[in-house]
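1. here is a sequence with its predicted model. Questions after.
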Protein chains: 2
Amino acid sequence: MEKVFVTGAAGFIGSNLVDRLLSDGKKVVGWDNFSTGQQEFLQTARAHSRFKLIEGDCLDLSALTRAMAGCDFVFHLAANADVRFGLDHPHKDFQQNAVATFNVLEAMRTNNIKGIAFSSTGSVYGESEIIPTPENAPFPVQTSLYGASKLACEGFIHAYCEGYGFEGYIFRFVSILGERYTHGHVLDFYKQLTAHPDCLKILGDGMQKKSYLYIGDCLAAMLHVIAQGMAKKAKHRVETYNLGTDEYVQVNDSVGFICSALGLKPRLEYSGGNKGWVGDNPFIFLDTKKVRATGWKTSLTIEQGIVRTLQWLQQNQWVLERR
Amino acid sequence: MEKVFVTGAAGFIGSNLVDRLLSDGKKVVGWDNFSTGQQEFLQTARAHSRFKLIEGDCLDLSALTRAMAGCDFVFHLAANADVRFGLDHPHKDFQQNAVATFNVLEAMRTNNIKGIAFSSTGSVYGESEIIPTPENAPFPVQTSLYGASKLACEGFIHAYCEGYGFEGYIFRFVSILGERYTHGHVLDFYKQLTAHPDCLKILGDGMQKKSYLYIGDCLAAMLHVIAQGMAKKAKHRVETYNLGTDEYVQVNDSVGFICSALGLKPRLEYSGGNKGWVGDNPFIFLDTKKVRATGWKTSLTIEQGIVRTLQWLQQNQWVLERR
């Protein structure tokens, strides 16, 4: 892995990955359509001689194919990551996740690039009956368009690995926290509490149990697994890893961490029900034995990750205005 | 279910279904782009006042949406069913299976049609470690673009059932045999033996174990399951059923049935290896307990189904010329 192509390079995870790859000595080509990516997140990278930014959309296959030329590995992170509003515009998950990923695979095939890492999601497990949920859980029912679209991507990556000799690394993330976090409950709560510190509206009953992972730990896991995989003589075709912490918290715990860090005691208003929205999963907790068996471990707890995220948002209030 | 929309209505399974629905007293709108469908297969249906044929492609969402108006149930059977040559043109599986199915779901949503039956495949299990393979097998690796594309369709159907209150019936077929069979090993072998009765070329080592189901039994299973499902007061959202016989045969057994029925003793030439092609599954055998628990059972064995198929091909030699 010498020259790496990163889709979604201006996003939360993508831009952190770009910085990390550059500091590891790689050449990096960043690709983003700036639909949700932020120019600000690439300020450090842009000052770097080993970085090149190409603005473009994964739905434009010919531009994508040209942009990828000369690279030897692809991190495909570009996605519609908006889980909650999927039902308002189903074509978005289909186009930006399924079609975009198919195009990335086709662009790789044209350029004879064989290695791909893909950001999938714990949402592909739907409402799993097995918790913590292992990678080889029973065939799940998809409860969200987001999960369905990511599952579609996973399947096509498998087929390209099996059929064209690609080497694939699929990572099923829990929610990621940390610097450059631009959407999710920490932002929602912080925004609400900035506007009116005396009241916090919470979707569902606050008892939903969720799992989170700090961005630094997420990147470390991906790079560690890929480095181990590429060092093996006997190449695998495709491997899937859950990425998460070995714990979960209730939404109410999270409310506690945030309010305590901000020194606030707002009135809590619940929308009720065990789900925040249709397709919300009331209990997400992934079995991470497989990735931990590679030697990787987390550096921050969920509470520490939430507090770190909050601190970053306090220092980067512009993010609140952007959405 | 009064007015039924059938995609792929001129295909092998579709045209048999259309005839069956018409004889059950339903109104039927058939949709086909005639890329592989055969006008001849709709001769009986066309004579029927309750049948309407609309020629069109599932990739044309607006035409599809107009065509579906007024129907109350959709059998989505249109597909690229060419498993073997998927790697030659990956966009075909993606477009004709994944995109087409997404369009069918969107057309249904626009027309407020909630019921869908979908022809999926045992190929979604890849090379399962559990044989016979149950519906809730562990999360499989996709070994073919065909399987991957059908899995993508399944996921989106799930998400529409969960998110928009659709009621879905997903059927994972083994290979289907019988009248109007237009592709597969029985046709390949019969074509070869017609051209040169003394020699038969077989892909792989002939030891691949496969499962087959007679078209009449396939249709009976689908209609039985759907009728039971719709009679329930408490509606399910999506249910998945394996459809197959409770047996499997080796390719060599099949060769034996066919040669014996034709009274031939050709020299057998094997291409070798345990797979017929990249992505071929050397052992397909589905666990059909779930569908059998509904009371459905098969009427023909695999051998009987193969012989029936052969007889139909002998009486319909024009099919050999069409492909």
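-> On my side now, so go ahead.

2. and A:N33, what is it in contact with?
-> The contact partners of A:N33, by Cβ atoms under 8 Å, 6 or more residues apart in numbering or on different chains, come to A:55-58, A:78. All C-beta atoms are positioned from the backbone trio N, CA, C, and that covers glycine.

3. just those now: which is nearest chain B?
-> The nearest member of the contacts of A:N33 to chain B, counting by Cβ to the nearest Cβ, is A:C58 at 13.9 Å.

4. find me the pLDDT at that closest one, would you?
-> A:C58 is assigned 98 on the pLDDT scale.

5. not counting sequence-adjacent ones, nearest residue to it?
-> A:A100 (3.6 Å; Cβ to Cβ, 6 or more residues apart in numbering or on different chains).

6. got a pLDDT number for that neighbour?
-> pLDDT, read off for A:A100, is 98.

7. just the buried residues of the contacts of A:N33.
-> A:56-58, A:78 (16 or more other Cβ atoms under 10 Å in any protein chain shown).

8. now the two most distant members of the residues you listed.
-> A:G56 and A:A78 (10.0 Å; Cβ to Cβ).

9. can you list residues touching both of these two?
-> A:31-33.

10. how about the residues of the stretch 1-150 of chain A by chain B?
-> A:86-87, A:90-91, A:94, A:98-99, A:102, A:105-106, A:109, A:126, A:135-145, A:147-149 (Cβ under 8 Å from any Cβ of the partner chain).

11. no wait, the stretch 201-323 of chain A
-> For the stretch 201-323 of chain A, the contact set with chain B under Cβ under 8 Å from any Cβ comprises A:237-238, A:240, A:278-279.

12. remind me which helix or strand A:I170 belongs to.
-> strand A:167-173 (DSSP states H and E).

13. got it, and A:G70?
-> Short version, using DSSP H and E: A:G70 is in no helix or strand.

14. save the residues of the stretch 201-323 of chain A next to chain B as CSV, and put in distance to B:A293 too.
-> CSV is the format used below for those (distance: Cβ to Cβ, whole Å):
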residue, distance to B:A293
A:R237, 36
A:V238, 34
A:T240, 32
A:V278, 31
A:G279, 30
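
15. could you work out the most separated pair of those residues?
-> A:R237 and A:V278 (35.7 Å).

16. who has more neighbours, those two?
-> A:R237 (17 against 14; other Cβ atoms under 10 Å in any protein chain shown).

17. tell me the contacts of that one?
-> Contact partners of A:R237, counting by Cβ under 8 Å, 6+ apart, are A:158, A:161-162, A:165-168, B:141.

18. in CSV: those residues, plus neighbour count, distance to A:F5 and pLDDT.
-> Putting the contacts of A:R237 into CSV (neighbours: other Cβ atoms under 10 Å in any protein chain shown; distance: Cβ to Cβ, whole Å; pLDDT from 0 to 100) gives the following:
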residue, neighbour count, distance to A:F5, pLDDT
A:H158, 26, 20, 97
A:C161, 25, 17, 96
A:E162, 24, 22, 94
A:G165, 11, 18, 94
A:F166, 21, 14, 96
A:E167, 20, 15, 96
A:G168, 24, 15, 97
B:V141, 24, 24, 94
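
19. now those residues in CSV, with distance to B:K210?
-> Listed next are the contacts of A:R237 as CSV, based on distance: Cβ to Cβ, whole Å:
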residue, distance to B:K210
A:H158, 21
A:C161, 24
A:E162, 19
A:G165, 26
A:F166, 27
A:E167, 30
A:G168, 28
B:V141, 20
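
20. and the two most separated of those residues?
-> Farthest pair in the contacts of A:R237, by Cβ to Cβ: A:G165 and B:V141, 14.5 Å.

21. so A:H236 touches A:Q228, yeah?
-> No: counting by Cβ atoms under 8 Å, A:H236 stays clear of A:Q228, with 10.5 Å between them.

22. what subset of the residues of the stretch 1-150 of chain A next to chain B is buried?
-> A:86-87, A:90, A:94, A:98-99, A:102, A:105-106, A:109, A:126, A:135, A:137-145, A:147-149.

23. and A:P282, how far from chain B?
-> 14 Å (Cβ to the nearest Cβ, to the nearest Å).

24. isn't that residue right up against A:K275?
-> Yes: if you go by Cβ under 8 Å, A:P282 and A:K275 touch, sitting 5.6 Å apart.

25. anything in contact with each of those two?
-> In contact with both A:P282 and A:K275: A:204, A:208, using Cβ under 8 Å, 6+ apart.

26. give me the residues contacting stretch A:291-307.
-> Residues contacting stretch A:291-307 (Cβ under 8 Å, 6+ apart): A:177-178, A:186, A:211-214, A:216-217, A:220-221, A:224-225, A:228, A:241-243, A:245-249, A:253-254, A:257-258, A:261, A:308.

27. for it, the distance to its chain's centre please.
-> Between the centre of stretch A:291-307 and the centre of its chain there are 15 Å (Cα atoms, centre = their mean, to the nearest Å).

28. now do the buried residues in it.
-> Across stretch A:291-307, burial judged by 16+ other Cβ under 10 Å covers A:291, A:296, A:298, A:300, A:302-303, A:305-307.

29. could I get those in a markdown table, plus columns for secondary structure and pLDDT?
-> A markdown table is the format used below for these (DSSP: H, G, I helix; E, B strand; the rest coil; pLDDT from 0 to 100):
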| residue | secondary structure | pLDDT |
| --- | --- | --- |
| A:V291 | helix | 97 |
| A:W296 | coil | 97 |
| A:T298 | coil | 97 |
| A:L300 | coil | 97 |
| A:I302 | helix | 97 |
| A:E303 | helix | 97 |
| A:G305 | helix | 97 |
| A:I306 | helix | 97 |
| A:V307 | helix | 97 |
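
30. from those residues, pick the one nearest chain B.
-> A:V291 (15.8 Å).

31. contact partners for A:L61?
-> A:103, A:106-107.

32. again, 6 Å this time
-> A:N103 (Cβ atoms under 6 Å, 6 or more residues apart in numbering or on different chains).

33. which residue is the nearest non-sequential neighbour of A:A69?
-> A:N111 (5.6 Å).

34. all strands of the stretch 201-323 of chain A, in order?
-> A:209-210, A:212-214, A:238-243, A:249-250, A:267-270 (DSSP state E, counting those that start in this stretch).

35. tell me which of the ones you listed sits nearest to A:F73.
-> Closest among the strands of the stretch 201-323 of chain A, using Cβ to Cβ: strand A:238-243, at 14.6 Å.

36. what pairs with the closest one, parallel or antiparallel?
-> When pairing is defined by DSSP bridges, strand A:238-243 lines up against strand A:167-173 (parallel).

37. next one: the strand it pairs with to chain centre, how far?
-> Offset of strand A:167-173 from its chain centre (Cα atoms, centre = their mean): 11 Å.

38. which residues are contacting that strand?
-> With Cβ under 6 Å, 6+ apart, strand A:167-173 has contacts from A:114-122, A:154, A:157, A:161, A:222, A:226, A:235, A:238-243.

39. could you redo the last one with a cut-off of 7 Å?
-> By Cβ atoms under 7 Å, 6 or more residues apart in numbering or on different chains, the residues outside strand A:167-173 that reach it are A:114-122, A:124, A:154, A:157, A:161, A:213, A:218, A:222, A:225-226, A:229, A:235-243, A:286.
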